[in-house]
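Asks: please find the sequence and the predicted model below.
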Amino acid sequence: MDTQPSGTIAVFGGTGKQGGAVIDALLSRGAQVRALVRNPGSDRAQALAARGVELARVEIGDAASLSAALEGVDAFFFMTTPESTSAADIAAETPQGVALADAAVAAAVPHVVYSSVGGAERDSGVPHFETKRRVEEHLEKSGLRVTVVRPVAFMDNFAGMGPSVENGEVVLRWPLPDGVPLQLIAVRDIGQISAAFLLETAKAAGGTIEIAGDELTGSQIAAAFGAHAGLPARYEALPLQVLGDDEDAQAMFRWFAETPAYQADFEAAKTIEPSVWDLPTWIRSSGWTVPAANR
Ligand SMILES: NC(=O)c1ccc[n+]([C@@H]2O[C@H](COP(=O)([O-])OP(=O)(O)OC[C@H]3O[C@@H](n4cnc5c(N)ncnc54)[C@H](OP(=O)(O)O)[C@@H]3O)[C@@H](O)[C@H]2O)c1
């Protein structure tokens, strides 16, 4: 039988996608949640407060604010993120994670769940993967009990980088050769799986786990959107040059094309979250529709 949540779970990034999904999953399981936020007055923070989430104001550069916010919690979820695609902001991801890990040590947090990225440990050379690996290494040396969740590409990226509809046809254009399978995860499932670890209900080993819910080529992704829209679909592979001077994104898409890139443990993800979403489920659930002008 699953154990009931006993105390408070702290979440960093709760006003964003991953942390927000973790909070959704925790609240749905009846847990008490404390969100570490930099701006408690923001609409997103206030929306969390309205759902019963305790808000703790933190500054990444203020270690005391971080450790005070973690006082007495049973477990702590955090992710890290660059503020922009500049090299300096990408590099700043590591000290952000180190500060959060150090605060967990200072507050003697019993269990930390860190959301990193699939392949972080495999020398991808992708700058924003390497920064996350440095955070993982810091956690490994911290003495904390740590679970590292490594999500693959988010299905939710299709909300912004999804297909267009042109002349009654769904068209997806990505800088990835067709025929290369890309592993995908719904952010919702990062939340579900992380919550299971945070609440100690995951029927899986923990430690480190790369998670995905689907694996599809460009044409298959386009076809999934086409099937949902009831329209024919086509995939067009773009050259890496469309990414301009974004060397980080170029390195990532180059890595995606050098299979095997992501190497998720699909079975373990399904064991922890039996209803883990495939792409058609994400498309249905995300409310993706053909833009009105193209209907
Ligand atoms: N997209 C993908 O396919 C993919 C796949 C694997 C991994 N990832 C990784 O996922 C990460 C992004 O996660 P996400 O999508 O959940 O990000 P997000 O939606 O942009 O949310 C970022 C969260 O972090 C908070 N935050 C950032 N800096 C902060 C600071 N200095 N102090 C306090 N709070 C701070 C933000 O708070 P505010 O609301 O105050 O801004 C927000 O809650 C990136 O590192 C990316 O590499 C992405």
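Replies: On my side now, so go ahead. Computed from a prediction, not measured in an experiment: that's the story for all the values here.
Asks: so for the helix or strand harbouring residue 235, mean pLDDT?
Replies: Per DSSP states H and E, residue 235 falls inside strand 233-237. Strand 233-237 shows a mean pLDDT of 98.
Asks: interface residues of the stretch 151-295 of the chain facing the ligand?
Replies: 151, 153-154, 157 (CB under 6 Å from any ligand atom). C-betas here are computed from N, CA, C, even on glycine.
Asks: circling back to that earlier point, just give me how far the strand holding residue 235 sits from the chain centre.
Replies: The chain centroid and the centroid of strand 233-237 are separated by 26 Å, computed with CA atoms, centre = their mean, to the nearest Å.
Asks: okay, the angle between the very next helix or strand once past it and strand 233-237?
Replies: Note on strand 233-237: by DSSP H and E, the next helix or strand toward the C-terminus is helix 247-257. With axes from the mean of the first three to the mean of the last three CA atoms, to 10 degrees applied, the angle from helix 247-257 to strand 233-237 works out at 120 degrees.
Asks: which other helices and strands does helix 247-257 contact?
Replies: helix 87-91, helix 127-140 (3 or more CB pairs under 8 Å, 6 or more residues apart in numbering; DSSP states H and E).
Asks: single out the most deeply packed of those.
Replies: helix 127-140 (a mean of 20; mean count of other CB atoms under 10 Å).
Asks: to the ligand, which of the helices and strands packed on helix 247-257 lies closest?
Replies: The ligand lies closest to helix 127-140 among the helices and strands packed on helix 247-257, at 4.8 Å (CB to the nearest ligand atom).
Asks: give the rounded mean pLDDT of the closest one.
Replies: 98.
Asks: okay, the angle between it and helix 247-257?
Replies: Going by the same axes, to 10 degrees, helix 127-140 makes 80 degrees with helix 247-257.
Asks: does the ligand sit close to helix 127-140?
Replies: Yes - applying CB under 6 Å from any ligand atom, one finds helix 127-140 touching the ligand at residue 128.
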